[in-house]
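> let me see the structure of the following:
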Amino acid sequence: MEILVTFLRLVLLSMVPFVLASQGMMLGGRTGVFNVAQEGIMLVGASLGFLVSYLTGFTVVGLLAAMAVGAVFGLALAYFTTTLKMNQFVIGYSLFFIGVGLSTLLPKIVIGITLSPPLVPTLQDIPIPLLSQIPVLGPILFRHNVLVYFAVLLSVGLWYFLFRTQKGLELRAVGENPMCADSMGINTVRMRYLTSIAGGALMALAGAYLPMVYTGTFTEGMTRGRGWLAIALTFFGGWSPLPILAGSLFFAGIEVLAFRSQVIGLEVPYQYLLMLPYLATILVMVLTFRKSRVPGFLGRNYDRERRGV
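Numbering: from 1, shown residues only. Here you go, the predicted structure:
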């Protein structure tokens, strides 16, 4: 039982980067903005968040700094694709490479080369009173850091906003048929800007989670492809917050399984175990891609004058 409790607790801990990055992508996609720069945004968020936390001594300030740089990347994506009508994939890949480059450059400029990696305090668990004392369920569900709770509440809140409010309906309309939404008086440009900025902030927060919770330090390429996996996860979740949350638990479970297999000394080459999340991604995409429901105007720019792309 103790092994199962530990496993499930680690799954919840590991799902957060997947949830935040995928919900960020889902938000932009719901207005037609397909952000393929997740990996770069996550890396620069991890790098800057760690550096600000290291310099100030406050983890929360580091997380806010990461969200700010992610918002800037989202703003850049919105400006070049929505205002200048440039290709979303070209701009996205450009931002990806900029993010990767900055994530390696900033630590070398600020800290330099050190013999031992600098460390920052990691986020502490915040047990929920009474609930955390429940046998079995308490340690699994109610003894986590604040970002675990935030990821779950964010998913539920986004689902309610998108499918139970008027503003959510308007937002979805922009991604399905911006011409129709525009004719109804919905500000499509503002919607695209807001969702792109918010999505970028969530992606960077997903990256900052890694040094702030996992390691206490930043290492190059520490996202290990989680940004790319977020794309598959968003398709798997049908661009809907709650299925994305469920999919994140699945992907996190595969990741923890691979890690725990190495820890217990399973006699399988670790390279094969590291492949598990990506093999699972391919399998999921093969089984669900054709059935996945995507926003009708995903990846396309809306030109009001031309009433289309």
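> was I right about Leu55 contacting Ile111?
No: Leu55 is beyond contact range of Ile111, at 9.2 Å (criterion: CB atoms under 8 Å). Yep, even glycine has a C-beta here, placed from its N, CA and C like the rest.
> show me what contacts Leu162?
By CB atoms under 8 Å, 6 or more residues apart in numbering, the residues touching Leu162 are 30, 168, 171-172, 240-241.
> between those residues, which sits nearest Pro107?
Among the contacts of Leu162, Pro241 lies closest to Pro107 (CB to CB), at 33.4 Å.
> which residues sit in contact with Pro295?
So Pro295 contacts 29-32, 172, 175-176, 239 (CB under 8 Å, 6+ apart).
> switch to 10 Å and redo it
Taking CB atoms under 10 Å, 6 or more residues apart in numbering, we find Pro295 in contact with 26, 28-34, 172-177, 239.
> now swap in Ile282 and tell me
With CB under 10 Å, 6+ apart, Ile282 has these contacts: 232, 275.
> what residues sit buried inside the host helix or strand of it?
According to DSSP states H and E, Ile282 maps onto helix 270-288. For helix 270-288, the neighbour count (16 or more other CB atoms under 10 Å) marks 273, 277, 280-281, 284-285 as buried.
> nearest to Val60 among the residues you listed?
For those, the minimum distance to Val60 (CB to CB) is 29.6 Å, reached by Pro277.
> not counting sequence-adjacent ones, nearest residue to Val61?
Nearest residue to Val61, sequence neighbours excluded (CB to CB, 6 or more residues apart in numbering): Val52, at 5.7 Å.
> burial count for that neighbour?
With neighbours defined by other CB atoms under 10 Å, the count for Val52 comes to 23.
> could you tell me whether it really is in a helix?
Yes: Val52: assigned to a helix according to DSSP: H, G, I helix; E, B strand; the rest coil.
> which residues does it contact?
Contacts of Val52 by CB under 10 Å, 6+ apart are 58-59, 61-66, 68-69, 110, 120, 208.
> in PyMOL, how would I select the buried members of these?
A single PyMOL command selects the buried members of these (16+ other CB under 10 Å):
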select buried, resi 59+62+63+64+65+66+68+69+120+208
